[in-house]
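Q: What follows is a predicted protein model with its sequence.
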Amino acid sequence: MANLSLTELTKENREYRSVLLVEKVFQLNGKQNNFQTDNGIFHASGLIIGSEKITRISNAEDIAAKILGLKVKKNKTLMLFGKYAGKNRQQEVRVTQVLKSEEFGGQPAGGTRVNRGLVFESDLAERLDECSKARPCKGKYADATMQIIEMCSEKVGAPMTDFVHEGGANQSRPLQSSGQGIIIAPANHRDHAQRLTDITLIHGASKKSYLSLKFGSTLTLMNSGIANILTEREISNSKIQNSVGQAVLKTFGLDETEFCSVFNNYNLGKVHQTGVKAKVNKSLLKNFLSTAIGSGYWMIHGHGGGSMSVWYMDPSKNGAMATINGDVIIDYGGRSGKGKRVDIRFSNTYFDFKVNIRNKQGGKYPSHIMCDYVSKSALGKKTLR
């Protein structure tokens, strides 16, 4: 099991872990103050943040803000103090000595990790079922569920009457060419909400709210098969002839020769170019992102520790969300230059994006293209717990 770090607690989109740490140390919201460390179970009773020793608090968010503030300070000390299980002596433990347990996003010790995304979806659906049937709405995510109902009902101007759990539908959003570039069908970003929904709230006046549920640190906007678009035969010949394959290269400003070399020369010792500033047609890239993002739905992003981030993918902001600021950077062979993958990185005020083209099935030549993202505060995210 890996260890925690200050970065793990303060990195954008993981700030909730700072709150979780504080809640555990001071036993708030039903949390326990036991931590797995390199030297055994440790029962914390306080924190040392920089030069400040904290033994009592009134608000977890205030203390979490002090932890987040360490990012810009020279003195980055973050320690727990308390007692090891079975010991009477007070001791101090650096946060880097704390093991990264499941609640902080770590891998469980032994066995296989459960699909926490499906668990999150099931838990939220269970709470919605209680709330919509006028039964006691209690248990995990109860308060957050009630807030989601209120937010969605206010947005459409009609109260919720029922819901449909649609997570298993997996509605198709295929990659296809459009002009010289590519899009994720359908072509209109407003038509993606009903395909992305995992849970649909039914409101009066025949109105609906679409909820797209995500969980964890690696989030994906789209995931399309490309084995028949960027084929092994054409890559082996270093000549992409498929029209959709050509559109993929053009959309991301990929050099055909270097792209093919990544896969043809994998494991032959060749180190490919990384950090390459791509010459892209940002209009083509915007068309792709507009449909990959979609609009008209609520993003519900679950975190460890029982919290979630919620924001509305407003159709009026789709163009801004799909417009890139700054350079588009290509890593042929991944960040090491030696992998059997090509990564394309770019950002704006709403998201950090990374498109990766690689094989997900154990082979050498690419099988899928994916667009991962990290959300930013400009989205107007609201934290619920």
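A: Yep, it's here.
Q: Low-confidence regions, the stretch 51-200 of the chain specifically.
A: For the stretch 51-200 of the chain, the stretches with pLDDT under 70 are 107-115, 167-170.
Q: Helices along the stretch 201-350 of the chain, start to end?
A: Under the criterion DSSP state H, counting those that start in this stretch, the stretch 201-350 of the chain contains helices at 232-236, 243-252, 256-264, 282-293, 318-321.
Q: To clarify, my last question referred to the stretch 51-200 of the chain.
A: Going by DSSP H, counting those that start in this stretch, the stretch 51-200 of the chain shows helices at 60-68, 116-132, 142-156, 193-196.
Q: any chance of those helices in TSV, with mean neighbour count too?
A: Placement of C-beta: from N, CA and C, glycine included. Formatted as TSV, the helices of the stretch 51-200 of the chain follow (neighbours: other C-beta atoms under 10 Å):
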stretch	mean neighbour count
helix 60-68	17
helix 116-132	18
helix 142-156	17
helix 193-196	19
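Q: what's the helix or strand for the residue nearest to I63 when sequence neighbours are not counted?
A: Counting by C-beta to C-beta, 6 or more residues apart in numbering, I63 lies nearest to V22, which is 4.7 Å off, once chain neighbours are set aside. Here V22, judged by DSSP states H and E, is contained in helix 16-25.
Q: Next secondary structure after that helix?
A: Assigned by DSSP H and E, the successor of helix 16-25 is strand 34-37.
Q: got the CA positions of that next one in PDB?
A: Taking Å, rounded to 0.1, in the frame of the first residue of the first chain, the C-alpha atoms of strand 34-37 are listed here in PDB:
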ATOM      1  CA  ASN A  34      -7.300   5.500  13.600                       C
ATOM      2  CA  PHE A  35      -4.700   5.600  10.800                       C
ATOM      3  CA  GLN A  36      -2.600   2.900   9.200                       C
ATOM      4  CA  THR A  37       1.100   3.900   9.300                       C
END
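Q: For that strand, buried residues please.
A: For strand 34-37, a neighbour-count test (16 or more other C-beta atoms under 10 Å) marks 35-37 as buried.
Q: Looking at those, which is nearest I330?
A: Within the buried residues of strand 34-37, the smallest distance to I330 is 39.8 Å, found for Q36 (C-beta to C-beta).
Q: How about the closest one: which residues does it bridge to?
A: Beta-bridge partners for Q36, by DSSP bridges, are I41.
Q: Contacts only, for it.
A: Counting by C-beta atoms under 8 Å, 6 or more residues apart in numbering, Q36 makes contact with 1, 42, 98-99, 101.
Q: mind checking how far the residue of the chain most remote from its centre is from N34?
A: Largest separation from the mean C-alpha position in the chain: N88, at 41.5 Å (C-alpha atoms, centre = their mean). Note on N88: its distance to N34, by C-beta to C-beta, to the nearest Å, is 17 Å.
Q: how about the residue lying closest to G105 once chain neighbours are set aside, what does it touch?
A: Spatial nearest neighbour of G105, chain neighbours left out: G304 (5.5 Å); criterion: C-beta to C-beta, 6+ apart. By C-beta under 8 Å, 6+ apart, G304 lies in contact with 16-17, 20, 102-105.
Q: Please pick the buried ones from those.
A: Buried by 16+ other C-beta under 10 Å: 16-17, 20, 104-105, out of the contacts of G304.
Q: Export those as JSON lines, with columns for distance to Y210.
A: Below are the buried ones among the contacts of G304 laid out as JSON lines (distance: C-beta to C-beta, whole Å):
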{"residue": "Y16", "distance to Y210": "24"}
{"residue": "R17", "distance to Y210": "28"}
{"residue": "L20", "distance to Y210": "29"}
{"residue": "F104", "distance to Y210": "30"}
{"residue": "G105", "distance to Y210": "27"}
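Q: Return the member of these nearest to I324.
A: Nearest member of the buried ones among the contacts of G304 to I324, counting by C-beta to C-beta, is Y16, at 27.3 Å.
Q: what's near enough to touch the closest one?
A: Contacts here follow C-beta under 8 Å, 6+ apart; on that basis Y16 touches 303-305, 307, 309, 383.
Q: Show the model's pLDDT score for it.
A: If you check Y16, the pLDDT there is 75.
Q: how about CSV for the helices of the stretch 201-350 of the chain, with mean pLDDT and mean neighbour count added?
A: Listed next are the helices of the stretch 201-350 of the chain as CSV, based on pLDDT from 0 to 100; neighbours: other C-beta atoms under 10 Å:
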stretch, mean pLDDT, mean neighbour count
helix 232-236, 97, 15
helix 243-252, 97, 20
helix 256-264, 98, 19
helix 282-293, 97, 22
helix 318-321, 98, 17
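Q: Now render those helices as CSV, adding distance to S224.
A: As requested, those are exported to CSV (distance: least, C-beta to C-beta, whole Å):
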stretch, distance to S224
helix 232-236, 17
helix 243-252, 10
helix 256-264, 17
helix 282-293, 10
helix 318-321, 20
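Q: out of the ones you listed, nearest to K11?
A: helix 318-321 (21.3 Å).
Q: I'd like to know which elements the closest one is packed against.
A: Packing partners of helix 318-321 (3 or more C-beta pairs under 8 Å, 6 or more residues apart in numbering; DSSP states H and E): helix 282-293.
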